[in-house]
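>>> From the sequence below, what's the structure:
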Amino acid sequence: MSRRQAAAIGALLLCTAGLALALSIAVAEFPRRLVALACVAVASAGTWYGLLHLGPVRVLGFAVGAAGVASALLLIVSDRAVEEVAVVVLLAAGCACSRVAFAVRRSLPVRPAPQRPVLFFNPKSGGGKAERLGLADAARERGIEPVELTPGADLEQLVRDAVADGADALAMAGGDGSQAVVAAVAAEHDLPYACVPAGTRNHFALDLGVDRDDVVGALDALLDGAGERRVDLGEVNDRVFVNNVSLGLYAEAVQRSGYRDAKLRTLLATVPEVLGPDGDGLDLRWRGPDGHHHRSGAAVLVSNNRYRLGRAVGSGTRPHIDDGLLGVTVVGAPVGRGLRGRLPQRPWREWTTPTFDVDADHPIAAGVDGEALRIEPPLRFRIRPAALRVRIAPQHRGASPSAALPDRIGGTFAALVRIAAGREDLVSPPRSSDGDPRSRAQGAPET
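Residues are numbered from 1 along each chain as shown. Prediction:
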């Protein structure tokens, strides 16, 4: 029995037991659970009202929210508290087993090692990971030239200078904003690129299938035996991004001078100024997938391929970075203009598209791979399919944690059943072929 098969069986048993226990508790405690849900709804409304206002109205809204949450907790906590905790533990364990069951390895064509690879590293990124792990020395041992970023250094110019001096492969150890700079130059010259996860969150590395806990091992991507895949890059007004560009409330907050010293307080102060009844609003104009014009209510996220959002397993990751499409997520209360005039739309919308434009009457606050910028409108987003040659260390999976996850709950259950039955090949991730980056073939399952 493989590791994935055992994990799938465990996930099915644990989740089934947790859901059955939750159902029995709900039946026994009826109608207290319905009243608790009503209290949560009141708490949510009160808290949202408080967020949109200042002064005494904010205090009142937060007080209603706190009272609603406290009432819900009092109704939920009963003499079956141990069983309720057991439900949470069972479901959490089931989700953990599901992550293992859906963890797959992508089969990649092996490429020869480059002759003059260069590693750029930020010694302060990720709390000083590169210095702490001796990344520069590890690179030299592998025949990779390390280049340290010093304060005030121009990373793009350093990379271009290295290419002009004969570098035939590039690697970056730092945050995702720095990864985007090096990846853009690598794509421009069609050079192999390696992502070394020495930043804080390393979202790009995660979705590429690079082990974020194996920083030094990621250097093996530039040695013999490493695989290569082509992935997409996003672009906004000729600036490359590897993950996403956020617009709206959060992007407005991070622009403010006090954000780094008091993040929560700055964000809370920004909400009523932007979204409140007396706020200036965001005034971001865009065209939806229906062809109608809209205005954003709170935030717009444009990503290099679609994110998997709002799921128990794999949430916040991208199943693929080679689908050739931008992912667009709009949060707020967009309004459309159709045949009957202005019609309300649901507050959460997601779709994919090769291009996307956002306009405004003022410079737009944007977070580009975590970097706070103000960009002159219009913002023109586009995808650059298969633009980047990424090298992956042979010991790393080369696939996103959500690469094999179905989009729907029913599909997830069916896939777990197939894995438990030993039919793992039916839920392995597709991969780009060597000849055509857009074509797909079956990947090799992890055993």
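>>> can you pull the contacts of the closest residue to residue 98 other than its chain neighbours?
If the residues on either side of it in the chain are set aside, residue 98 comes closest to residue 11, at 4.4 Å by C-beta to C-beta, 6 or more residues apart in numbering. C-beta here means a position set from N, CA and C on the backbone, and glycine is covered the same way. Residue 11 makes contact with 94-95, 97-98, 101, 416 under the criterion C-beta atoms under 8 Å, 6 or more residues apart in numbering.
>>> which helices and strands sit right next to the longest strand along the chain?
The residue-count maximum for a strand in the chain (DSSP state E) belongs to strand 379-392. If you count contacts as 3 or more C-beta pairs under 8 Å, 6 or more residues apart in numbering; DSSP states H and E, strand 379-392 packs onto helix 176-189, strand 192-196, strand 227-236, strand 244-248, strand 326-331, strand 355-359.
>>> now the closest residue in space to residue 182 that isn't next to it in sequence: how far from residue 369?
The shortest distance from residue 182 to any non-neighbouring residue, by C-beta to C-beta, 6+ apart, is to residue 172 (4.0 Å). Separation of residue 172 from residue 369 (C-beta to C-beta, to the nearest Å): 12 Å.
>>> who has more neighbours, these two?
For residue 172 versus residue 369, neighbours defined as other C-beta atoms under 10 Å are more numerous around residue 172 (30 against 23).
>>> rewinding a little: now what about the host helix or strand of the residue nearest to residue 182, what contacts it?
Here residue 172, judged by DSSP states H and E, is contained in strand 169-173. Residues from elsewhere that reach strand 169-173 (C-beta under 8 Å, 6+ apart): 114, 116-122, 125, 129-130, 135, 144, 159, 162-163, 178-179, 181-183, 185-186, 191-198, 215, 218-219, 221-222, 391.
>>> Surely residue 125 is in contact with residue 176?
No. Contact criterion C-beta atoms under 8 Å: residue 125 and residue 176 do not qualify, at 10.1 Å.
>>> these two touch, right, residue 363 and residue 378?
No. Counting by C-beta under 8 Å, residue 363 does not reach residue 378; the two are 11.4 Å apart.
>>> Next, the contact list for residue 125, please.
173-175, 178, 198-200.
>>> go again using 10 Å as the cut-off
Counting by C-beta atoms under 10 Å, 6 or more residues apart in numbering, residue 125 makes contact with 131, 149, 172-175, 177-178, 198-200, 202.
>>> Would you point out the helix or strand in this protein whose mean pLDDT is lowest?
Every helix and strand in the chain was compared by mean pLDDT, DSSP states H and E; the lowest is strand 440-442, with a mean of 35.
>>> Give me the residue ranges of the stretch 1-150 of the chain where confidence is low.
Along the stretch 1-150 of the chain, segments meeting pLDDT under 70 span 78-80.
>>> that older thread, between the contacts of residue 11, identify the one with the most neighbours.
Neighbour counts for the contacts of residue 11 peak at residue 101, which has 30 neighbours (criterion: other C-beta under 10 Å).
>>> so how far is residue 4 from that residue?
Going from residue 101 to residue 4 by C-beta to C-beta gives 5 Å.
>>> Could you do residue 364 as well?
Distance of residue 364 to residue 4, given as C-beta to C-beta: 44 Å.
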